[in-house]
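Enquirer: I would like to see how this sequence folds:
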Amino acid sequence: MESTRTLKDKIFLILKGIGMGAANKVPGVSGGVVAFVAGFYEEFIYSLKKVNGKAFKLLINRRFKSFFNYINGRFLVLLFSGMIISYFSVSLVLDYLIKNYELYIWSVFFGMIIGSIYYINKDFKDWNYKTYTVLAIGTVLGIGISFLNPATENDNLWFVFFCGIISVSGMTLPGFSGSFILILLGNYVLLLVDSVNALFITFYEILGGNFSFINNPERITILKVLLVFTLGSITGLVTFSHILSYILKHYKSVTLSAIIGFIIGSLGVVWPWKKTIYKLTNEGAFIYDSTGEKVVENYKRFMPEIHLETLYAILFICLGIAIVLALEMYAQKTRKSHA
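Expert: Sure thing, here's the model as predicted:
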């Protein structure tokens with residue numbers, strides 16, 4: 001598989017990883033949708049599935065090259081490299097854009113999800129009472145999740161490990177936003193803001209020869225939280241990939257209809273016209289996180305009035321749809337060139 005991958009393909013795979021990583025960090029958007037639309041979802045799932053007993057046996061026996069080839073290592077390395085790059089760059093830009101141009105950014109995401117629904121549905125022909133039922137269940141679950149109220153922050157390491165397992169659902173299951181699930185679990189700020197900032201600062205200090213963080217119990221605690229979260233994420237990735245690989249092989253039509261349902265349901269999360277509700281103390285004052293940002297409690301969605309800002313938002317929705325269609329055209333062109 002790798003022998004046919006050109007330098008251009010490898011660069012584009014890193015870019016896809018960047019897109020997937022950025023999508024994973026945005027509440028309501030699923031990195032799995034990026035993988036699905038960009039045409040590498042099944043390869044991603046089956047590559048992760050290869051992280052099994054045989055792979056660990058090769059690793060223990062120091063057959064590193066065989067291990068690397070067995071798990072489709074080059075593909076995973078390129079993809080995860082893109083995600084890591086995204087985590088410390090593109091996702092920061094997205095944070096800024098969402099903060100300053102919230103309506104238009106959510107409109108783009110809304111359009112991209114609409115485009116994704118079209119993309120997945122257009123080639124799906126196996127509609128029957130069973131797939132329609134699963135579609136409805138997936139849609140209701142997706143909508144239901146979008147209206148749940150977030151829990152409070154919890155840094156218990158077992159709970160953090162559980163958060164890691166759940167948070168990768170957005171990478172492996174299109175339509176389920178891992179970052180939004182973390183908001184519901186109350187740990188989005190702790191695990192995707194505070195711990196990442198702590199890691200960045202720690203790396204910066206180490207490069208400057210400063211190891212004083214070792215004597216900082218608060219920093220050590222949050223780095224420990226990040227480590228446990230990462231272990232949970234790896235566990236979730238491998239576990240979900242085995243489960244999804246099995247059901248994609250044996251129940252592909254039902255699985256695809258469920259995925260379409262989840263994606264339709266996720267439209268409620270990324271609905272552009274919403275008012276942010278922030279957490280308040282008993283005295284009515286705003287609650288702030290460690291970065292000085294107000295802590296989000298929930299969103300109040302509403303129907304927009306027709307004015308210029310609304311028309312601009314509709315144009316951005318069209319832009320989101322166009323992005324997905326362009327990705328689809330590129331994926332088709334790539335498949336033809338390899339045929």
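
Enquirer: helices and strands around the longest helix belonging to the chain, which ones?
Expert: Ranked by number of residues, the top helix in the chain under DSSP state H is helix 217-250. On a contact count with 3 or more CB pairs under 8 Å, 6 or more residues apart in numbering; DSSP states H and E, helix 217-250 meets helix 41-49, helix 157-167, helix 169-172, helix 195-207, helix 252-266. Every residue, glycine included, has its C-beta placed from N, CA and C.

Enquirer: can you tell which of those helices is closest to L231?
Expert: Distance to L231, taken as CB to CB, is lowest for helix 157-167 among the helices and strands packed on helix 217-250, at 6.6 Å.

Enquirer: can you dump the C-alpha coordinates of stretch 97-106 into PDB?
Expert: What follows is stretch 97-106 as a C-alpha-only set of coordinates in PDB (Å, rounded to 0.1, in the frame of the first residue of the first chain):
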ATOM      1  CA  LEU A  97     -11.500  32.600  14.700                       C
ATOM      2  CA  ILE A  98     -14.300  31.000  16.800                       C
ATOM      3  CA  LYS A  99     -13.800  33.700  19.500                       C
ATOM      4  CA  ASN A 100     -13.800  36.600  17.100                       C
ATOM      5  CA  TYR A 101     -16.000  35.400  14.100                       C
ATOM      6  CA  GLU A 102     -18.200  32.800  15.900                       C
ATOM      7  CA  LEU A 103     -21.200  33.000  13.600                       C
ATOM      8  CA  TYR A 104     -19.300  32.600  10.400                       C
ATOM      9  CA  ILE A 105     -17.000  29.800  11.600                       C
ATOM     10  CA  TRP A 106     -20.000  27.800  12.900                       C
END
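
Enquirer: Distance from that stretch to the middle of the chain?
Expert: In terms of CA atoms, centre = their mean, to the nearest Å, the centre of stretch 97-106 is found 18 Å from the chain centre.

Enquirer: cool, stretch 203-218 as well?
Expert: Counting by CA atoms, centre = their mean, stretch 203-218 comes out at 30 Å from the chain centroid.

Enquirer: Name the surrounding residues that touch that stretch.
Expert: 201-202, 219-220 (CB atoms under 8 Å, 6 or more residues apart in numbering).

Enquirer: Recalculate using a threshold of 6 Å.
Expert: Applying CB atoms under 6 Å, 6 or more residues apart in numbering, the external contacts of stretch 203-218 come out as 202, 219.

Enquirer: How about that stretch, which residues are buried there?
Expert: Buried residues in stretch 203-218, counted by 16 or more other CB atoms under 10 Å: none are found.

Enquirer: Report the mean confidence score over it.
Expert: Averaging pLDDT along stretch 203-218 gives 86.

Enquirer: and what of stretch 141-153?
Expert: The predicted confidence, averaged over stretch 141-153, sits at 75.

Enquirer: quick one: buried residues of that stretch?
Expert: Buried residues in stretch 141-153 (16+ other CB under 10 Å): 141-143, 145-146, 150.

Enquirer: Relative to P272, how far out is F110?
Expert: 5 Å (CB to CB, to the nearest Å).

Enquirer: repeat for G232
Expert: In terms of CB to CB, G232 sits 32 Å off from P272.

Enquirer: Run the chain-centre distance for whichever helix or strand I14 is part of.
Expert: Per DSSP states H and E, I14 falls inside helix 7-25. Helix 7-25 has its C-alpha centroid displaced from the chain centroid by 12 Å (CA atoms, centre = their mean).

Enquirer: and if you look at stretch 183-201?
Expert: For stretch 183-201, the distance to the chain centre is 15 Å (CA atoms, centre = their mean).

Enquirer: By mean pLDDT, point me to the weakest helix or strand of this structure.
Expert: strand 296-301 (a mean of 70; mean pLDDT, DSSP states H and E).
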